[in-house]
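J.: Need a 3D model of the following:
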Amino acid sequence: MPNLPLAVVLLASAVKLTPSQKAERRARRRRFMLQLRLAVQKEKAERAERHATRTQSPRRGEPRSRRPSRR
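T.: Reported below is the predicted structural model:
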């Protein structure tokens, strides 16, 4: 925590929000979180769409198999 002057600390602790200010901030935070959720949802949908377009063609020859562990 940064070292703040005592006057700033006392002033900050003395300032209280009114119920209407609290409601405004809560509404703003709610709108922001909604926008954030929608943006993440959109990004995930775009990513899923990009990955869905990639199809692997079957390999020619022997199928790829997992190498056994050397232990």
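
J.: The most centrally placed residue in the chain: which element?
T.: With distances taken as CA atoms, centre = their mean, the residue of the chain nearest its centroid is Val40 (6.7 Å). With elements taken from DSSP states H and E, the one containing Val40 is helix 19-53.

J.: now that helix: how far from the chain's centre is it?
T.: 9 Å (CA atoms, centre = their mean, to the nearest Å).

J.: any idea of the mean pLDDT in it?
T.: Average pLDDT, helix 19-53: 94.

J.: Ala23: how many residues sit nearby?
T.: Neighbours of Ala23 under the rule other CB atoms under 10 Å: 11. Bear in mind the C-beta positions are built from the backbone N, C-alpha and C, glycine included.

J.: Please report the distance of it from Arg30.
T.: 10 Å (CB to CB, to the nearest Å).

J.: go on, Leu38?
T.: For Leu38, the distance to Arg30 equals 13 Å [CB to CB].

J.: Tell me who's in contact with Asn48.
T.: To be clear, residue 48 is Ala; Asn isn't right here. By CB atoms under 8 Å, 6 or more residues apart in numbering, Ala48 lies in contact with nothing.
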